[in-house]
Every structure is written in C-alpha cells, then in structure tokens.
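A.B. asks: need coordinates for the below:
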Amino acid sequence: MSPLFLGNFGTGEIMLLGLIILVFFGGKKIPELMRGLGSGIREFNNAKNNIHSEVKENIRELEEKERSAK
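C.D. replies: Model prediction:
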C-alpha cells in the first residue's frame, strides 16, 4: 500500500472525489477552479522550461569556453 493511496484510484474513487468536489464547491465554481489550476500548471511548466533552457545554455557556454581555452 502506498502512502496516501497515490496512484491507486479506481473509477469508484474518482467518481466519489468528483461528487465531493461538486458538493463543496457547487457547479458554478468548478470551471473557475479548473481554470485556476490550469493556469498554475501552465506557469509551473513555463518556469521549468525556462530553467531547463537556461541550464543547457550555460552548459553550452562552459563547453565552448573550455574548447577555446585548449
């Protein structure tokens, strides 16, 4: 059994979770919540991609400096 049951969701659990979210937030708030979640994920991915490209660029610059020093 994994901690917090991560990765072991079946159809019943997902439907129960959806029902709980619907009861707590109501039908009108769910699209707003999903938009917020989507924009948060998009911002995280953009930041991750920027850091990844910056690290690659720095590695490339260091390799070029090393080649030119030889």
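A.B. asks: could you give the mean pLDDT of the helix or strand encompassing I51?
C.D. replies: Take DSSP states H and E as the rule and I51 turns out to sit in helix 30-69. The average pLDDT within helix 30-69 is 93.
A.B. asks: going forward, the N-terminal residue is numbered 15.
C.D. replies: With 15 as the first residue, the last one maps to helix 44-83.
A.B. asks: quick one: buried residues of that helix?
C.D. replies: Of the residues in helix 44-83, none count as buried by neighbour count, 16 or more other Cβ atoms under 10 Å. Using the backbone N, CA and C atoms, a C-beta is placed for each residue, glycine as well.
A.B. asks: so which other helices or strands are in contact with that helix?
C.D. replies: helix 25-39 (3 or more Cβ pairs under 8 Å, 6 or more residues apart in numbering; DSSP states H and E).
A.B. asks: and the helix it packs on, C-alpha only, in PDB?
C.D. replies: Written as PDB, here are the backbone C-alpha positions of helix 25-39 (Å, rounded to 0.1, in the frame of the first residue of the first chain):
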ATOM      1  CA  THR A  25     -13.400   4.500 -11.200                       C
ATOM      2  CA  GLY A  26     -15.400   4.500  -7.900                       C
ATOM      3  CA  GLU A  27     -12.900   6.600  -6.100                       C
ATOM      4  CA  ILE A  28     -12.700   9.200  -8.900                       C
ATOM      5  CA  MET A  29     -16.500   9.400  -9.000                       C
ATOM      6  CA  LEU A  30     -16.600   9.800  -5.200                       C
ATOM      7  CA  LEU A  31     -14.000  12.500  -5.300                       C
ATOM      8  CA  GLY A  32     -15.900  14.300  -8.100                       C
ATOM      9  CA  LEU A  33     -19.100  14.200  -6.100                       C
ATOM     10  CA  ILE A  34     -17.400  15.600  -3.000                       C
ATOM     11  CA  ILE A  35     -15.900  18.400  -5.100                       C
ATOM     12  CA  LEU A  36     -19.300  19.200  -6.600                       C
ATOM     13  CA  VAL A  37     -20.900  19.300  -3.200                       C
ATOM     14  CA  PHE A  38     -18.300  21.500  -1.600                       C
ATOM     15  CA  PHE A  39     -17.800  24.000  -4.400                       C
END
